[in-house]
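Student: 3D model of this:
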Amino acid sequence: MLLESSLARRSNLARKGIAYGLQVPRTIRRLASRPADFRVRPPIIVNSLPKSGTHLLMQVARSLPNGRYYGSFLAQTPSLTMRLRTQPEIDFHIGRIVPGEVVGAHLHYTEASNERIKSINALHLFIYRDPRDVLLSEAHYLGEMNRWHALHKIFAEAPSQEAGVTLAINGSDDPRFPGVVERYSPYAGWLQAEGALAIRYEDAVGPARDSVIERVLQAWRDRGGRGDISLSELTAAID
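Tutor: Next comes the predicted model:
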């Protein structure tokens, strides 16, 4: 798969270009889909606060049988602009998801978003992490890894790692990047939301990992997911 190529792994820009090209077959597949298709091939939305383990849980989701991955990502505030998407925009993007598709997301909790996700019979996985580790990861990512992010420059200019973390805690003068409480709070509702399976990052990488994978597999089957795969096979697929 092109999205698994060495070029896509080396270059975020190349990966985005490939994902953009895959929107054509994705759109064709969506137009041909019927409501019944979502009942036997539930989409999987892997949602998180940024830098909380999305990639880790995506590996599990993409290893389930009969899935489709087009490189799509649903962000409440896209990294290039940091513009907050409206509810109608979020509803539109959720509505473009196709049966069996695996989609990553950084999506704020709203009752409307939760209902829209449930309307397509999606398995919604929400992974969360110790906020202290999120802050460290966020400062490193914005300052050193993602040159295309709207906030890269201000983090890259931080004189030290400690200064970068302080910036992540307090926010900046840019109103698009407020303090940590205002940034993180909009995600908290997913922890108790009906239909969302909340997973602790520390469990997913620790001794409870197999139990986490088993929960995901059972939740996928409960949604109607079909495919002959055992827990041991799924675990082996992501090692």
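
Student: ok, Arg26 to Val212 distance?
Tutor: Plainly put, Arg26 is 29 Å away from Val212 if you go by CB to CB, to the nearest Å. (Each C-beta comes from the backbone N, C-alpha and C, glycine too.)

Student: hmm, I was thinking of Thr81
Tutor: 34 Å.

Student: same check, this time on Arg30
Tutor: 30 Å.

Student: so where do the helices sit in this structure?
Tutor: Taking DSSP state H to define them, one finds helices in the chain at 6-10, 12-21, 23-32, 35-40, 54-62, 87-95, 111-119, 131-140, 152-156, 161-170, 180-184, 201-204, 209-222, 231-238.

Student: reformat the ones you listed as CSV; add mean pLDDT.
Tutor: Shown next, in CSV, are the helices of the chain (pLDDT from 0 to 100):
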stretch, mean pLDDT
helix 6-10, 51
helix 12-21, 66
helix 23-32, 88
helix 35-40, 94
helix 54-62, 94
helix 87-95, 97
helix 111-119, 98
helix 131-140, 94
helix 152-156, 91
helix 161-170, 94
helix 180-184, 95
helix 201-204, 96
helix 209-222, 96
helix 231-238, 86
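
Student: about what we covered before: neighbour-wise, which of Arg30 and Val212 wins?
Tutor: Ranked by neighbour count (other CB atoms under 10 Å), Arg30 and Val212 place Val212 first, with 22 against 15.

Student: show me what contacts the more buried one?
Tutor: Taking CB atoms under 8 Å, 6 or more residues apart in numbering, we find Val212 in contact with Ile199, Asp203, Ala204.

Student: find the nearest non-adjacent residue to it, please.
Tutor: Spatial nearest neighbour of Val212, excluding adjacent residues (CB to CB, 6 or more residues apart in numbering): Ala204 at 4.8 Å.

Student: ok, Leu56 next?
Tutor: Ala204 (5.9 Å).

Student: repeat that for Thr77.
Tutor: Spatial nearest neighbour of Thr77, excluding adjacent residues (CB to CB, 6+ apart): Leu84 at 5.4 Å.

Student: and the one you found, how many residues sit next to it?
Tutor: By the criterion of other CB under 10 Å, Leu84 has 12 neighbours.

Student: distance to Phe73 for the helices of the chain - can I get that in a markdown table?
Tutor: Shown next, in a markdown table, are the helices of the chain (distance: least, CB to CB, whole Å):
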| stretch | distance to Phe73 |
| --- | --- |
| helix 6-10 | 14 |
| helix 12-21 | 8 |
| helix 23-32 | 12 |
| helix 35-40 | 20 |
| helix 54-62 | 9 |
| helix 87-95 | 10 |
| helix 111-119 | 15 |
| helix 131-140 | 17 |
| helix 152-156 | 18 |
| helix 161-170 | 21 |
| helix 180-184 | 18 |
| helix 201-204 | 18 |
| helix 209-222 | 19 |
| helix 231-238 | 20 |
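
Student: out of the ones you listed, the one nearest Leu125 is which?
Tutor: helix 54-62 (5.6 Å; CB to CB).

Student: now do stretch 127-136: distance to the chain's middle.
Tutor: Counting by CA atoms, centre = their mean, to the nearest Å, stretch 127-136 is centred 15 Å from the centre of its parent chain.

Student: identify each buried residue in that stretch, please.
Tutor: Going by neighbour count (16 or more other CB atoms under 10 Å), the buried part of stretch 127-136 is Ile127, Tyr128, Arg129, Val134, Leu135, Leu136.

Student: try stretch 70-84
Tutor: Buried, per 16+ other CB under 10 Å, within stretch 70-84: Tyr70, Gly71, Ser72, Phe73, Leu74, Ala75, Gln76, Thr77, Ser79.

Student: lovely, talk soon.
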